[in-house]
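A.B. asks: Okay, here's the prediction I keep looking at, along with the sequence it came from:
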Amino acid sequence: MPLPEFNQLCNEAKREIQEIDVNALKTMQQRGDDFELIDVREVDEVQRGTIPGAKHVTRGVLERDIDRVTMDKNRKIVLYCGGGNRSALSAWMLKKMGYNNVYSLIGGWSAWKAQ
């Protein structure tokens with residue numbers, strides 16, 4: 001069970017970032033939109049499956065390694081994790097780093113699998 005402070009932090013991040021749902025992500029993929037899809041989960045989670053087209057950069061090194069994916073601060077980036085909290089925190093940090101077009105997938109991998 002996450003600590004209340006973690007939930008508070010995630011809620012604060014979600015108030016300051018943009019989120020999209022699975023249907024919006026699928027529409028972006030089907031239209032062939034130009035964006036980066038980044039999976040911020042841990043290696044063992046990724047081994048159980050990923051969203052097609054995703055690049056893997058764990059939450060723990062995202063801020064350090066985002067330049068390996070893109071250095072374009074205006075590039076559209078969609079982040080996802082297992083349930084939407086770590087990706088929200090990741091989006092928040094990228095926003096603080098000056099990335100202007102960052103989204104977190106609501107419900108993350110769990111929501112993707114459920115569809």
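C.D. replies: Arrived safely, thanks for sending.

A.B. asks: Could you find the closest non-adjacent residue to the residue nearest the centre of the chain?
C.D. replies: By CA atoms, centre = their mean, the chain has its centre lying nearest to Leu79, at 1.5 Å. Excluding the flanking residues, the one nearest Leu79 by CB to CB, 6 or more residues apart in numbering is Ser87, at 4.1 Å. Any C-beta I mention is one placed from the backbone N, CA and C, and that applies to glycine too.

A.B. asks: Now that neighbour: which helix or strand?
C.D. replies: helix 85-96 (DSSP states H and E).

A.B. asks: Could I get the buried residue list for that helix?
C.D. replies: 85-95 (16 or more other CB atoms under 10 Å).

A.B. asks: Would you check that the residue nearest to Leu79 makes contact with Leu94?
C.D. replies: No - Ser87 lies out of contact with Leu94 (CB atoms under 8 Å); the separation is 10.3 Å.

A.B. asks: Which neighbours do the two have in common?
C.D. replies: Leu79 (CB atoms under 8 Å, 6 or more residues apart in numbering).

A.B. asks: quick one: low-confidence parts of the protein?
C.D. replies: For the chain, applying pLDDT under 70 flags the ranges 1.

A.B. asks: Could I get the full set of strands for it?
C.D. replies: Assigned by DSSP state E, the chain shows strands spanning 18-20, 36-39, 55-56, 77-80, 102-105.

A.B. asks: Tell me which strands the first one pairs with, and in which orientation.
C.D. replies: In other words, strand 18-20. strand 102-105 (parallel) (DSSP bridges).

A.B. asks: Tabulate the buried residues of helix 85-96 (CSV), appending distance to Val22.
C.D. replies: CSV is the format used below for the buried residues of helix 85-96 (distance: CB to CB, whole Å):
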residue, distance to Val22
Asn85, 16
Arg86, 17
Ser87, 13
Ala88, 15
Leu89, 19
Ser90, 18
Ala91, 16
Trp92, 21
Met93, 23
Leu94, 21
Lys95, 22
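
A.B. asks: so the residue nearest to the centre of the chain makes contact with Asn101?
C.D. replies: No - Leu79 is beyond contact range of Asn101, at 11.6 Å (criterion: CB under 8 Å).

A.B. asks: Many thanks, have a good one.
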